[in-house]
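1. Sharing a model that was predicted from the sequence below.
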Amino acid sequence: MTILTTQISLLLLLLLSITTFYKSLCSNHTVVGCNEKDRETLLTFKQGINDTLGRILTWSTEIDCCAWEGVHCDNITGRVTKLDLNGKSNFDNEPFLKGEMNLCILELEFLSYLDLSLNEFDVIRFPSIQHNITHSSNLFYLDLSPFRYHDHGPLHMDNLGWLSPHSSLKYLDLSGIHLHKETNWLQIVNTLPSLLELQLSHCNLNNFPSVEYLNLSLLVTLDLSLNNFTSHLPDGFFNLTKDLTYLDLSQSNIYGEIPSSLLNLQNLRDLYLSYNQLQESVPKEIGQLAHIQQLDLSENQLQGSIPSTLGNLSSLNYLSIGSNNFSGEISNLHFSKLSSKSFRLDLSYNSFSGSIPHSWKNLEYLFYINLWSNRLSGEVLVNLSDWRRLQFMNLGENEFSGTIPLNIPQYLEVFIY
């Protein structure tokens, strides 16, 4: 009995030691503080900031930097992995941070997510980060886009060379930062092989670099709107990626024809080419974009008839081709396969003639229709009860005859004559 008792005692002592060890190990994991090097980098970043709303008051040497506002650390290593100081949650429409955006913040070795968007920085400071970043960058999300209504003029950036170490980037948004001195922006973007989404809206880009030898095969979202290219779309532009689902080139001063290579974007769902100087006709191949949902070609100089192949776009829920030079009749083939549950249609300010197709009575989910200022004629044979979801209808400035439909619901805004 004495030997058995001794063995049991030793076993209990061993179990107690193991339990104590694991408790100590777990305890050490929970008390790991912010890495000292990361803390110094964050404090350097803070020095140039004018914190108008007290967003980063917690950034004090008396507080662990992993507990600072917007800072997220790895629970085990204490290294900073995420910095989120965007202004999206400010309901007063006042940016949180002003002053200097110091990109020394990119020296954080384990940083994977950086969002400084919707602030009002005056200047971007570039330390020699290309030399300082010797580690493999983990950054996959980067958003530096400023508050859009900047009182002190635009934020400027002379080049994008600083992006080169960050080959893991999947999301990049520099919208609103002027990049007019950067002439090789597309080639630099091409060095980011993991990029899925690129937002360069309102960047004052003024040239389309050569697209030869470029490959953006993973890109699914591309926004180059509100730029000043003053050029045509280069041959092969739509060959850069075949997985693109969202493309916005609106208000970018693009001229010339819509290239037939647009057909290569078979996965495209949203295409915005409005407010440019596009000319000639719409290629019939556009009807082969089977997944297109939003198509905006308005405010251009396009002409001719609209291709009947538009009737193949069964997923289409928004079509705007207003303010062009289109002519001809609208036939029963247009929108014949439409199945959208909420369809918006704008054909205004063109020269369409003929009558409204009888088949349109089948567009029971029509939500918005604008035919203002065309040469359409005939009787308005619209039974509004067929269009149960209609909220707005403008048929004015045409040559219609007949009577105004009766029993117009109060919620429906109607202009006919």
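-> Sure, I can see it. Numbering: from 1, shown residues only.

2. just for this structure, where's the confidence low?
-> Across the chain, the ranges flagged by pLDDT under 70 are 1-32, 89-95, 128-135, 148-153, 213, 339-341, 381-385, 404-411, 416-417.

3. can you pull out the helices in it?
-> Under the criterion DSSP state H, the chain contains helices at 2-31, 36-47, 129-132, 185-189.

4. now the strands for the stretch 201-350 of the chain?
-> Taking DSSP state E, counting those that start in this stretch, the strands of the stretch 201-350 of the chain run over residues 221-223, 231-232, 246-248, 254-256, 270-272, 277-278, 294-296, 303-304, 318-320, 325-329, 343-346.

5. Which strands or helices does the fifth one pack on?
-> When contacts are defined as 3 or more CB pairs under 8 Å, 6 or more residues apart in numbering; DSSP states H and E, strand 270-272 sits against strand 246-248, strand 294-296. The way it works is simple: take the backbone N, C-alpha and C, and place the C-beta from them, glycine included.

6. Would you tell me which of those strands gets closest to Phe237?
-> Proximity of those to Phe237 was assessed by CB to CB; the nearest stretch is strand 246-248, lying at 9.9 Å.

7. Pairing partners for that closest one, with directions?
-> When pairs are called by DSSP bridges, strand 246-248 turns out to pair with strand 221-223 (parallel), strand 270-272 (parallel).

8. Would you format the ones you listed as JSON lines with distance to Asp143 included?
-> Converted to JSON lines, the strands paired with strand 246-248 look like this (distance: least, CB to CB, whole Å):
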{"stretch": "strand 221-223", "distance to Asp143": "13"}
{"stretch": "strand 270-272", "distance to Asp143": "20"}
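
9. CSV for the ones you listed, including mean neighbour count?
-> Below are those laid out as CSV (neighbours: other CB atoms under 10 Å):
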stretch, mean neighbour count
strand 221-223, 19
strand 270-272, 21
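
10. Determine which of the ones you listed approaches Tyr318 most closely.
-> Using CB to CB, the strands paired with strand 246-248 put strand 270-272 closest to Tyr318, at 8.8 Å.

11. Identify the residues contacting that closest one?
-> Identification of contacts with strand 270-272 by CB atoms under 8 Å, 6 or more residues apart in numbering yields 225, 245-250, 262, 265, 289, 292-296.

12. Also stretch 346-359?
-> Stretch 346-359 is contacted from outside by 298, 319-332, 334-336, 368-382, 394, using CB under 8 Å, 6+ apart.

13. now swap in stretch 203-216 and tell me
-> By CB under 8 Å, 6+ apart, stretch 203-216 touches 154, 174-180, 182-187, 189-190, 195, 224, 227-231, 233-237, 239-241.

14. Of these, grab the buried ones for ChimeraX.
-> Per 16 or more other CB atoms under 10 Å, the buried members of the contacts of stretch 203-216 correspond to this ChimeraX selection:
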select :174,175,176,177,178,179,180,182,185,186,189,190,195,224,227,228,229,233,234,237,240,241
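
15. rewinding a little: which one of the strands paired with strand 246-248 lies nearest to Glu109?
-> Closest among these, using CB to CB: strand 221-223, at 28.3 Å.
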